[in-house]
Structure formats: structure tokens, C-alpha cells
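**Student:** One predicted model, sequence on top.
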Amino acid sequence: VKLEQSLRGAGERGELAVHFQPIVDVRSGDIDGFEALMRWNSAEHGFVRPDEFIPIAEETGMIVEMGEWLLRESVRQLLEWQAMRRPGDCQLHVSVNVAVRQLRDGSLVNIVDELLRETGLAPSSLWLEITESGVMEDIETALLTLNALHSLGVVLCIDDFGTGYSSLSYLHRLPVGVVKIDRAFISRIGVSQDDGDEPIVRAVLAMTHAMGHRVVAEGVETQAQRDWLYGQGCDLIQGWFYGKADRPENLTHWIRPQP
Ligand code: G
Ligand code: G
Ligand code: G
Ligand code: MN
Ligand code: NA
């Protein structure tokens, strides 16, 4: 059976799951939130990588329904975690990927609005990740949706920053709160004889901070990368150095760290 056909019933068969990857405050080392990442364990095909099934879901439009489920499930999990926090702990966020197709589909704003009302979640605890290329495909339509989402109080993030084009010309027009530097740039920090991508990352940090955005460095794998980013004033770090995406039950040590 083709992947596409299997994916159609995957949700109903309980084959989809959400895993979460920690996003850590560089200075304190404390958890700030998690990125929600979809996982598919297919009865027929075994584990299918998101870079295989997400494009299929996008092409067929299934991503709209899957994305709504992912949003609801991510917020449900976040509320469970927030309830476990101690007084004085920071308010955790969850960061959910939004595909271009979802941006274009008229329902996203209503879904998010409804979800916030139903759950009472603080809007700033919900981050939505959009890619540079997704926005650039149709910037005027994207802007309408992004402005409406921004009005609801959720935090918009530019994902995979640096991999698209004309980043500088549009970034200031978007109601963005967070920029996520793509891991391709981070992976070349502290490895080469020359400076590698260090000047680029330094420039991105300066520019995005000047615009008032927070910065997440993605794909941080080593202590050296973490230390360098700390020195450069990066805000948040996500990567295997702190942890891979994992099932929620394996992440409770982040929620209630032992004093
Ligand atoms: O863990 P990783 O292999 O999870 O993810 C691979 C790619 O799939 C990433 O680029 C990520 O943005 C994307 N991805 C993972 N889960 C989702 C999802 O639920 N929705 C969308 N649109 N993309 C996702
Ligand atoms: O979680 P990690 O970053 O190791 O996953 C890398 C990729 O491998 C993911 O895109 C995921 O789809 C796939 N993968 C391989 N084995 C597993 C598994 O046991 N569980 C899950 N959820 N994903 C897996
Ligand atoms: O949405 P986005 O493309 O940013 O998805 C994050 C992707 O990056 C996921 O596939 C996730 O498994 C992967 N990832 C997260 N941390 C690391 C890391 O430290 N190293 C590498 N190689 N990949 C990572
Ligand atoms: Mn992402
Ligand atoms: Na990314």
C-alpha cells in the first residue's frame, strides 16, 4: 500500500504521536519550552520520517486536519505540564510547526482562537513556527494570516532562518517574536580552522536582537557550540546537547527538576 493511503487512516488507528524537544534558556540552563514534532509509527511501514510523510500530508491537504490534531494535542500536553510546575517556575511554552498549506487554509486563525478560549491557555505560551520559504511563496496572504494570529497573542517564529532568500527585506514586515537559526549554521561553529559560519550567526543575532526578536539556535550538539552561543548572547538553545525529541512521559525531569 502506498504511503499516502496508509497516512489517511493513521490518525484513527492511533499511529500518530507527538514528541517534544526541549528548548533551553542559554544563561540559566532552565527549560523554556518544547518544540512539538509529529511522529508516525505505521503498522505497514514502520517508523516513517517526518520529512517523508509531512510533504505527502501537505500535497494532499491532510496536513490541515493533522495540524489541528497536533495543535490540540500539544496544548493539552502543555497544560498538563504547566499544572506540574512550582510557584516561581517560568511559564512553559510549546512551539508547533505550521505548514504553508495551513497558513493558506482559512481555518487556522479560528482553530487557534477557539483553542485558546476553550483551554484558557495564556496565548504567549503558544508559539507557531513558519518557514521563511513558506512565507515568501505568497507574502501578502501570509501576512494577513500572521497578523491575525499575532492579534490573538500567540508568538510567531521564523523556522529554519537563513536557508531561504531575501531574509532581510521582509523580516521587519512580519509580526514575529522569535527567530530560529537553522542548524546548518550551528553545525559549522567551532569545527573549522577558519571562522566557518560564526560571522553569519553573529550577524543574525545582532540583526534579530536589534529588531527586538528572541533567538533560538537549533541543532546545538556540543558544549563548545553552547559556550560560543552563550558568549554571543543567544537567548535559547535547542538540540541534542540538551536532548532529542522524546515522548512526553520521558520528559518529566525537565518539568520538575530536582532542586
Ligand atoms: O524530528 P524531525 O525529523 O522531527 O522533523 C523533520 C522535519 O519535519 C522538520 O523540518 C520539522 O519541521 C517537520 N515536522 C515535524 N513535525 C511536524 C508537524 O507536525 N508539522 C509540520 N508542518 N512539520 C513538522
Ligand atoms: O527522535 P530522533 O531525532 O532520533 O528521530 C530521528 C528521526 O527518526 C525522526 O524523524 C523519526 O521519525 C525517526 N525515528 C526513528 N526511530 C524512531 C522511534 O523509535 N520513535 C520515533 N518517534 N521516531 C523514530
Ligand atoms: O522544524 P525543524 O526543521 O526545525 O525540525 C527540527 C529538526 O531538527 C528535527 O528533525 C529534529 O529531529 C532535528 N534536530 C533537533 N536537534 C538536532 C540536533 O542537535 N542535531 C541534528 N542533527 N538534528 C537535530
Ligand atoms: Mn521547527
Ligand atoms: Na528548523
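**Tutor:** Looks like it came in fine. Ligands and ions are numbered 1, 2, ... in the order given.
**Student:** Identify the spatial nearest neighbour of Gly33, chain neighbours not counted.
**Tutor:** Ranked by C-beta to C-beta, 6 or more residues apart in numbering and with sequence neighbours excluded, the top spatial neighbour of Gly33 is His93, at 3.4 Å. Every residue, glycine included, has its C-beta placed from N, CA and C.
**Student:** Look at Glu68 and say how many residues are nearby.
**Tutor:** 18 (other C-beta atoms under 10 Å).
**Student:** With the one 3 residues further on instead?
**Tutor:** By the measure other C-beta under 10 Å, the count of residues near Leu71 is 22.
**Student:** hmm, the host helix or strand of it in reach of ligand 1?
**Tutor:** Element membership for Leu71 (DSSP states H and E) is helix 62-83. Yes - contact between helix 62-83 and ligand 1, assessed by C-beta under 6 Å from any ligand atom, occurs at Leu70.
**Student:** Relative to the following helix or strand past that helix, what are the paired strands and their orientations?
**Tutor:** Downstream of helix 62-83, the next assigned helix or strand under DSSP H and E is strand 93-97. Sheet pairing for strand 93-97, assigned by DSSP bridges, gives strand 31-42 (parallel), strand 126-131 (parallel).
**Student:** Single out the most deeply packed of those strands.
**Tutor:** strand 126-131 (a mean of 23; mean count of other C-beta atoms under 10 Å).
**Student:** Report the backbone C-alpha coordinates of it in PDB.
**Tutor:** Extracted in PDB, the C-alpha atoms of strand 126-131 (Å, rounded to 0.1, in the frame of the first residue of the first chain):
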ATOM      1  CA  LEU A 126       1.700  29.000  22.200                       C
ATOM      2  CA  TRP A 127       4.400  29.500  19.600                       C
ATOM      3  CA  LEU A 128       3.800  28.800  15.900                       C
ATOM      4  CA  GLU A 129       6.700  28.100  13.600                       C
ATOM      5  CA  ILE A 130       6.600  29.100  10.000                       C
ATOM      6  CA  THR A 131       9.400  28.700   7.500                       C
END
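**Student:** now check that strand, is it near ligand 4?
**Tutor:** Yes - under the criterion of C-beta under 5 Å from the ion, strand 126-131 makes contact with ligand 4 via Glu129.
**Student:** who touches that strand?
**Tutor:** Here strand 126-131 makes contact (C-beta atoms under 8 Å, 6 or more residues apart in numbering) with 33, 35, 75, 78, 93-98, 100, 103, 112, 116, 142, 146, 149, 154-160, 163-164, 177-178, 180.
**Student:** restrict those residues to those near ligand 3?
**Tutor:** Within those, those near ligand 3 by C-beta under 6 Å from any ligand atom are 97, 159-160.
**Student:** Switch the residues you listed over to a markdown table; also include pLDDT, distance to Ser28 and neighbour count.
**Tutor:** Shown next, in a markdown table, are those (pLDDT from 0 to 100; distance: C-beta to C-beta, whole Å; neighbours: other C-beta atoms under 10 Å):
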| residue | pLDDT | distance to Ser28 | neighbour count |
| --- | --- | --- | --- |
| Asn97 | 97 | 26 | 23 |
| Asp159 | 93 | 24 | 23 |
| Asp160 | 90 | 26 | 18 |
